[in-house]
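Q: Predicted structure and sequence below. I'll ask about it afterward.
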Amino acid sequence: MASHKLAKEWAIKNPYRWLGFSLTLVGAIISPVFYFIVGSSPLSALGISFIMLGLTCIALANTRPPISPEASQTMFQTGIENIAALLEELGLSGKAIYLPRSLRDGRSQALVPLRQNGASVRISGKVAGRLIVRYGHQPEDLGIAVTTPGSVCVEALEVELGSSADGIAAALTHVLVGMLDIASSVSVNVIDSKVNIEVSNPKLSYENIWFYRSLGSPLASIAATVASEVFDKPVTVALERNLGSKSIIELEVLS
């Protein structure tokens, strides 16, 4: 009884592996029967094909992510709604400022200042690793620092970040196209303190909700985080718009 229950749980957790094991076992049994006893080559070939399909399913089981896309989407949506509720409750609607790891205790995060005009914000030194932080010397220089999708992606980034537009493009291509598979290509153009990014065929688009108005869409969040790390300076999302099959993101590198 216990072994049957264990096998059932194993099958639920590993459907591809269970299917592959079943097909391989059936093929291994019927192939010699059809070849030596029945004497049918076509049926023997059918049994061998079962074995090949079974081994393919077992190989697919090893590539299946430990967390399903549905579970990842649920956790992602929950995080967005919680941050949006916090920003709305505090009345913070200003543009977020993305801080590199060098200014934020070793982890990239976004600072949402109490001031409505994020461009006038000046970061004086390293920001403490807390939720409510002081980033300047004035009494009103307060804000909240939150983790964004870009923060997590930069931590998992395996490529070396460059120090130019090519470095941003390579990192964003690795994350958006290779790691997350939410775009087909990325191009970057840097003019002075402006970073213009064009994302082709994005699977995530901008929505007019509180979270996106402050921190930008997940695409913009990842782009701003990568840019802040490349330039080692604070970055804000100046503009974001969708043009059919392209998403245009304009970033501003702050001094």
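A: Arrived safely, thanks for sending.

Q: Surely residue 26 is in contact with residue 53?
A: No: proximity of residue 26 to residue 53 does not meet the contact threshold set by Cβ atoms under 8 Å, at 9.9 Å. Any C-beta I mention is one placed from the backbone N, CA and C, and that applies to glycine too.

Q: what are the ranges of the helices in the stretch 1-150 of the chain?
A: In the stretch 1-150 of the chain, helices defined by DSSP state H, counting those that start in this stretch lie at 2-13, 15-32, 41-63, 69-90, 149-155, listed in chain order.

Q: Tell me which stretches of the stretch 151-255 of the chain form strands.
A: 185-191, 194-200, 235-243, 246-253 (DSSP state E, counting those that start in this stretch).

Q: so what does the first one touch, helix or strand wise?
A: To tie it back to what came earlier, the one meant is strand 185-191. helix 165-172, strand 194-200 (3 or more Cβ pairs under 8 Å, 6 or more residues apart in numbering; DSSP states H and E).

Q: So what's the gap between the first one and the chain middle?
A: When you say that, I think you mean helix 165-172. 16 Å (Cα atoms, centre = their mean, to the nearest Å).

Q: Which strands or helices does that helix pack on?
A: Using 3+ Cβ pairs under 8 Å, 6+ apart: helix 165-172 touches strand 185-191, strand 194-200, helix 218-231.

Q: Low-confidence regions, the stretch 51-200 of the chain specifically.
A: 61-73, 115-120, 158-163 (pLDDT under 70).

Q: Who are the contact partners of residue 241?
A: Applying Cβ atoms under 8 Å, 6 or more residues apart in numbering to residue 241 gives the contacts 206, 247, 248.

Q: what's the closest non-adjacent residue to the first one?
A: Distances taken as Cβ to Cβ, 6 or more residues apart in numbering put residue 217 closest to residue 206, at 4.6 Å, once the chain neighbours are dropped.

Q: quick one on the thing from earlier: which of the helices and strands packed on strand 185-191 sits closest to residue 143?
A: Evaluated over the helices and strands packed on strand 185-191, closeness to residue 143 peaks at strand 194-200, with 22.3 Å, by Cβ to Cβ.

Q: Out of the strands of the stretch 151-255 of the chain, flag the one nearest residue 148.
A: strand 235-243 (10.8 Å).

Q: quick one: the closest one to helix 218-231, angle?
A: Going by axes from the mean of the first three to the mean of the last three Cα atoms, to 10 degrees, strand 235-243 is angled at 140 degrees with respect to helix 218-231.

Q: Sheet-wise, list the partners of strand 235-243 with their directions.
A: Strand pairing for strand 235-243, using DSSP bridges, gives strand 97-99 (antiparallel), strand 246-253 (antiparallel).
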